[in-house]
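1. only geometry, no sequence info:
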């Protein structure tokens, strides 16, 4: 099982970056819909979605938000991070089959509460920005390495 090490507040520096890539599948959309309760046919019904201006199924906006959350939780700052807030702007639709790259950049640090502001950008395989925003977190005070056990997903 993989191990993940966090970055403490003191280890983070302005401009530091973390990045992750994920290719969006219909299974991702089905699982996200099941977890969130958002069953909009724009995300799940190819025939319905084909009749819209998007011409096919697109990902839930918050699916991209979830990818940002994963980078915060698993990479930077990593395990022990407390999520305080998120602002997102959805610039372009995310299609099934798109390969998304999430990039987080440390923009500000406030030592009193160990609060960190991160600029967030999600781009597709064509280099087009699909989501921008900022995240506010409390970074861990102590270095920690944890073993990750992904949940079993059953249809």
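-> Sure, I can see it. The structure presented is a predicted model; accordingly, all values stated were derived computationally and were not measured.
2. Give me the neighbour count for residue 136.
-> 16 (other Cβ atoms under 10 Å). Where you see a C-beta, it was placed from the backbone N, CA and C, and this is true even at glycine.
3. For it, which residues count as its bridge partners?
-> residue 85, residue 117 (DSSP bridges).
4. Isn't it up against residue 85?
-> Yes: using Cβ atoms under 8 Å, residue 136 makes contact with residue 85 at a distance of 4.4 Å.
5. Tell me if I am right that residue 30 is in a helix.
-> Yes: if the criterion is DSSP: H, G, I helix; E, B strand; the rest coil, then residue 30 is within a helix.
6. Strands of the protein, residue ranges please.
-> 3-5, 17-23, 82-90, 99-110, 115-123, 129-138, 145-147 (DSSP state E).
7. Pick the most deeply packed of these.
-> strand 115-123 (a mean of 21; mean count of other Cβ atoms under 10 Å).
8. by contact count, what packs against it?
-> Strand 115-123 sits against helix 61-74, strand 82-90, strand 99-110, strand 129-138, with contacts defined as 3 or more Cβ pairs under 8 Å, 6 or more residues apart in numbering; DSSP states H and E.
9. nearest to residue 40, of the ones you listed?
-> helix 61-74 (10.5 Å; Cβ to Cβ).
10. Tell me how far the closest one lies from the chain's centre.
-> Helix 61-74 sits 2 Å away from the centroid of its parent chain (Cα atoms, centre = their mean, to the nearest Å).
11. which residues does residue 100 form a beta bridge with?
-> residue 22.
12. Surely it is in contact with residue 71?
-> No: between residue 100 and residue 71 there is no contact under Cβ under 8 Å: 11.1 Å.
13. what stretches of this protein score poorly on pLDDT?
-> Judged by pLDDT under 70, the chain has its weakly predicted residues at 155.
14. Determine which residue of it is most distant from the centre point.
-> For the chain, the largest distance from the centre (Cα atoms, centre = their mean) belongs to residue 51, which lies 28.4 Å off.
15. tell me the phi and psi of that one?
-> phi -90, psi 0 (degrees, to the nearest 10).
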